[in-house]
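Asks: requesting a structural model of the entry that follows:
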Amino acid sequence: MADFKKSVVYQIYPKSFYDTDGDGLGDLKGITAKLDYIRELGADYIWITPFFVSPQKDNGYDVEDYYNIDPRYGTMEDFEELSSEAGKRGIRLMLDMVFNHTSSRHEWFQKALTGDPKYKDFYIFKKGKGKGVPPTNWESKFGGSAWEYVEKFDEYYLHLFDVSQPDLNWDNPEVRREIQKVVKFWMSKGVKGFRFDVINLISKGAFEDDYEGDGRRFYTDGPNIHEYLKELNETTFGTDAEIITVGEMSSTSMENCYRYAGQDENELSMVFSFHHLKVDFMGNEKWVIVPFDFRKLKEILFDWQVHMAEHRAWNAVFWCNHDQPRVVSRFGNAEQYWKESAKMLAAVIHCLRGTPYIYQGEELGMTNAGFTDISQYRDVESLNHFRILQEKGLSRENAYQILQIHSRDNSRTPMQWTDGANGGFTEGTPWIEVNKNCSTINAAAEAKDDDSVFNFYKKLIQLRKEYDIIAYGTFEPEAEKHPAVFAYKRCYREEKLLVVGNFYGMQTSWDAGEDLTDYVCLLGNYKQQIMKGGEITLKPYETMILYKK
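Replies: Modelled structure (predicted):
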């Protein structure tokens, strides 16, 4: 059986990973070509973001055909080769499934638009409240109304995301059966993991106007969500004990996550929640410049750690993905203490109770893109907000500063393999520019350097394999009120683990409240100190993983 508690997942955004045919876009063959690199790192699973046939209105999260591979990424033969070669190296594949909505070009929606009643009921069509007035005042996650008018029916269809992404009607059992078929198809191809995109939005509640918000309270963690997940589990992936699953939970509540990822609930193995990645927002507003709130970051992470454990539910733990800026630029110091802060951030997230996810390039300490011109950006959200921010009265310069911090393109620049042309990503013209710092931050250089960020990640993953306490230990927050220190304790049988990190660029000290003389340092990012007494002095961004048997 797959022990997801002992596993580490490596996320690949194929478009930016490695290009083998010179068209400037990464491809499936590119992942196969780099499997030895991932094996060297020590990851157990590769989560690959969607590569299905898609018009790419939302980076492949608008699926036109769940059974076929978009030619830009390769062929089914390429996928089968990847699956087979990964298997030979003990690596399993986790696919990203988008089941809240399809592309409007999907055959089901095209049939719905002809008026076929069977397929119309695959989606959510409603009469408006009056001429030109949609059924509810809900807003799309991408801006504007969540409803689109279809003149032929004098009705509107629901799209919580882009207008080209109509929501599926999960209350229709036939839709659920079709989804089950898709999952079984990929299971038959040897897939051993599934990540479910915004899966907690599939059960819609009452279709009412929301006078307090944007409508999300009527469709988030909806009335039948647990029933639908249990059914999907029972009919598909739950039949194979080796398969692990993770649900992306949009604006969820912890109480619902006790059930989504509860040990005895038979829904999912674990959940992604994003509350800790809003600590540099202003309320829910992302497009601002504010320093991140360290106290709040600790509070949220500790809260989820403690309460999920109490309810025997499991977390996915992570800093980065294809929708988030690079963590070393966000919560670290990418200039003066680049290496130290990249390692500290790695240590404090990897030793938490949960399965760690590494996003491509994070293990190299890749930084934000540093783009200075709007022509360098590709992300539709960033392009829209560059315009919106200026319409709100901000200068171009201020708008650029905000994009440089928050744009999703920060994480989408190509993987930095070498110090050569285009960072060794492609022999063609990359679809988005490579970060200029690839001359110093790249996989080839870091593999040779014992002190590199890459080798630190490698050691962290090895520790999880060697020490059961990291996978199975209890969790106790420490230093909760300390203005600079992030610390916690894990206990398992007769063992103790104390993880400490300084989140700032100046020296600080902390009293652990116990004698640390018998602890040994398993891993740190400075020359190891001998522990005496209970007082720890930490250099800028210093981290230590201390162990006592």
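Asks: excluding chain neighbours, what is closest to D214?
Replies: Once flanking residues are discounted, D214 sits nearest to E139: 4.0 Å by CB to CB, 6 or more residues apart in numbering. Glycine gets a C-beta too; all of them are placed from N, C-alpha and C.
Asks: ugh, typo on my part, it should be K6
Replies: Closest residue in space to K6, ignoring its immediate chain neighbours: A471 at 4.8 Å, by CB to CB, 6+ apart.
Asks: can you give me the pLDDT of that neighbour?
Replies: Each residue has a pLDDT score; the one for A471 is 97.
Asks: so it is in which element?
Replies: Assigned by DSSP states H and E, A471 belongs to helix 468-472.
Asks: can I get that helix in PDB? Just the C-alpha atoms.
Replies: Only the C-alpha atoms of helix 468-472 are listed here, as PDB (Å, rounded to 0.1, in the frame of the first residue of the first chain):
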ATOM      1  CA  ASP A 468       9.300   7.800  11.200                       C
ATOM      2  CA  ILE A 469       8.800  10.700  13.500                       C
ATOM      3  CA  ILE A 470       8.500  13.100  10.500                       C
ATOM      4  CA  ALA A 471       5.700  11.100   9.000                       C
ATOM      5  CA  TYR A 472       3.900   9.900  12.100                       C
END
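Asks: about what we covered before: the residue nearest to D214: how many residues sit nearby?
Replies: Per other CB atoms under 10 Å, the neighbour tally for E139 reads 17.
Asks: now swap in the one 5 residues further on and tell me
Replies: As a burial measure, the neighbour count of G144 was computed by other CB under 10 Å and equals 11.
Asks: likewise Y377?
Replies: 22.
Asks: the stretch 151-300 of the chain: helices as residue ranges?
Replies: Using DSSP state H, counting those that start in this stretch, the helices of the stretch 151-300 of the chain run over residues 173-188, 225-235, 254-260, 294-310.
Asks: how far away from the center of its chain is the second one?
Replies: For helix 225-235, the distance from its own C-alpha centre to the chain's C-alpha centre is 22 Å (CA atoms, centre = their mean, to the nearest Å).
Asks: let's number from 30 now, not from 1
Replies: Renumbered: residue one is now 30, and that last one reads helix 254-264.
Asks: show me what it is packed against.
Replies: helix 202-217, helix 283-289 (3 or more CB pairs under 8 Å, 6 or more residues apart in numbering; DSSP states H and E).
Asks: let me have those in TSV, extended by distance to V549.
Replies: Output for those, formatted as TSV (distance: least, CB to CB, whole Å):
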stretch	distance to V549
helix 202-217	44
helix 283-289	35
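Asks: what sits up against the worst-scoring helix or strand of the chain on mean pLDDT?
Replies: One helix or strand of the chain scores below all others by mean pLDDT, DSSP states H and E: helix 409-420, with a mean of 90. For helix 409-420, the external contacting residues (CB atoms under 8 Å, 6 or more residues apart in numbering) are 87, 171-172, 316, 403, 406, 425, 427-429, 431-432, 436-438.
Asks: just the angle between the helix or strand just after that helix and helix 409-420, please?
Replies: Per DSSP H and E, the first helix or strand lying C-terminal to helix 409-420 is helix 425-435. Using axes from the mean of the first three to the mean of the last three CA atoms, to 10 degrees, one finds that helix 425-435 and helix 409-420 are set 150 degrees apart in direction.
Asks: returning to that earlier point: tell me the most buried of the helices and strands packed on helix 254-264?
Replies: Mean neighbours per residue, mean count of other CB atoms under 10 Å, is largest over those for helix 283-289, with a mean of 19.
Asks: which other helices and strands does that helix contact?
Replies: Partner elements for helix 283-289 (3+ CB pairs under 8 Å, 6+ apart): helix 254-264, helix 323-339.
Asks: out of these, flag the one nearest A376.
Replies: Evaluated over the helices and strands packed on helix 283-289, closeness to A376 peaks at helix 323-339, with 13.7 Å, by CB to CB.
Asks: which pLDDT value does the model give the spatially most central residue of the chain?
Replies: Centroid-nearest residue in the chain: N350, 4.1 Å away (criterion: CA atoms, centre = their mean). pLDDT recorded at N350 is 97.
Asks: try D87
Replies: 89.
Asks: residues in contact with it?
Replies: Contacts of D87 (CB under 8 Å, 6+ apart): F190, D191, S193, Q194, V409.
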